[in-house]
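Novice: Pasted the sequence and its predicted model underneath.
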Amino acid sequence: MSADFVDWPSIAADGFPFPEAVPASQLAGELSAMLISPDPEIRDDYAYTAAARWIREGHLDEVLEALGDTAASRFIHPEVQARTFAPLILCSVVTRGHTVPGLVSKEAVERWYAEFSAWYPAEQDTRGWDDSLGWLHAVAHGADATAAFAKALPDRRTELLELCARRMTATQTDYRYAQLEDARLARALMRILQAPGLKREEATGWLTTVAEALDGGGPGPVPIWAFNTFATLQSLHLHLARGLADEGVPPHAEAVAAHAADLLRLPCYWIA
């Protein structure tokens, strides 16, 4: 699609009104192309901002599944910004599909989940911000997607908790959480824990993965991955104590917080 169809600076300046004259299929194609751009203005300020709004408002319903398929295919893309913006689009698509039953098939959501779950704990470029590429935020964007998948695929809730545990304890990283990744993970965990019918052992079981990763730690400097893990546990403990503004405190908050505190005593033995 030619860029002449959409004057992006003008649309952005006007607050992203939907360009009714442009066919949805052409618009989806242009947005998808822009979402892999290394230019953060094109990718984030224009394409993602427009796509998230227009998906939420229902303007792209007829191409919703195609947008999801394109996003899911990018988890193996060679460029990091393409991989890390894919979960944001999936978050919007899955949320819209859950809001309007029948709009997206369960088979499609399961297909996207399979691609996402293979990528999320394995992504090695977890930088939050790059001075040239802008926001990358693999951990935070992936956390948002896990919360969306938890609503659309309630039978995957314990898997999603485990997925977050594997992400926060991933050892192949040289990036120390610096852009509130721990808070975004904590928020996602809270949303998954809010799911009705989740048993106590399911709500706390994923912390066994965290405990096993931390087992055997000794004196000396804290590895980056362990710092990230402790930062996430601290953030989760705060979220469990205060709750989310729109959802409150999950049913098993006290049990999860107690398990998290036990793990936090490893570096902070003075905690009561």
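Specialist: Everything's here; your move. Remember, it's a predicted structure, so these values are computed and weren't measured experimentally. Numbers count the residues shown, from 1 in each chain.
Novice: the helices in the stretch 151-272 of the chain, which residues?
Specialist: 157-168, 181-193, 200-205, 207-214, 224-242, 253-264 (DSSP state H, counting those that start in this stretch).
Novice: counting contacts, what elements does the third one pack onto?
Specialist: Applying 3 or more C-beta pairs under 8 Å, 6 or more residues apart in numbering; DSSP states H and E, one finds that helix 200-205 makes contact with helix 157-168, helix 253-264. Backbone N, C-alpha and C define where each C-beta goes, glycine included.
Novice: Deepest in the core, which of those is it.
Specialist: Mean neighbour counts were taken over the helices and strands packed on helix 200-205 using mean count of other C-beta atoms under 10 Å, and the top value, a mean of 22, falls to helix 157-168.
Novice: How far off centre is it?
Specialist: 12 Å (C-alpha atoms, centre = their mean, to the nearest Å).
Novice: One more: stretch 8-27?
Specialist: So, by C-alpha atoms, centre = their mean, the centroid of stretch 8-27 is 26 Å from its chain's centroid.
Novice: coming back round to it: format the helices and strands packed on helix 200-205 as TSV; extra columns: mean pLDDT and distance to Glu30.
Specialist: Formatted as TSV, those follow (pLDDT from 0 to 100; distance: least, C-beta to C-beta, whole Å):
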stretch	mean pLDDT	distance to Glu30
helix 157-168	98	31
helix 253-264	98	43
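Novice: how about JSON lines for those helices, with distance to Lys151 added?
Specialist: Output for the helices and strands packed on helix 200-205, formatted as JSON lines (distance: least, C-beta to C-beta, whole Å):
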{"stretch": "helix 157-168", "distance to Lys151": "10"}
{"stretch": "helix 253-264", "distance to Lys151": "19"}
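Novice: For Leu236, find the nearest of the ones you listed.
Specialist: Closest of the helices and strands packed on helix 200-205 to Leu236 is helix 253-264, at 5.6 Å (criterion: C-beta to C-beta).
Novice: Report all helices and strands that the closest one contacts.
Specialist: By 3+ C-beta pairs under 8 Å, 6+ apart, helix 253-264 packs against helix 200-205, helix 207-214, helix 224-242.
Novice: Return the set of buried residues in the shortest one.
Specialist: Under the neighbour-count criterion of 16 or more other C-beta atoms under 10 Å, helix 200-205 has 203-204 buried.
Novice: so for that helix, what's the average pLDDT?
Specialist: In this model, helix 200-205 has a mean pLDDT of 97.
Novice: if we can go back for a sec, to Ile89, which of the helices of the stretch 151-272 of the chain lies closest?
Specialist: Using C-beta to C-beta, the nearest of these to Ile89 is helix 181-193, at 16.6 Å.
Novice: Give me the helices and strands touching that closest one, please.
Specialist: Using 3+ C-beta pairs under 8 Å, 6+ apart: helix 181-193 touches helix 138-152, helix 157-168, helix 224-242.
Novice: Most tightly packed of the ones you listed?
Specialist: By mean count of other C-beta under 10 Å, the helices and strands packed on helix 181-193 have helix 138-152 as the most buried, with a mean of 25.
Novice: Thanks again, I'm all set now.
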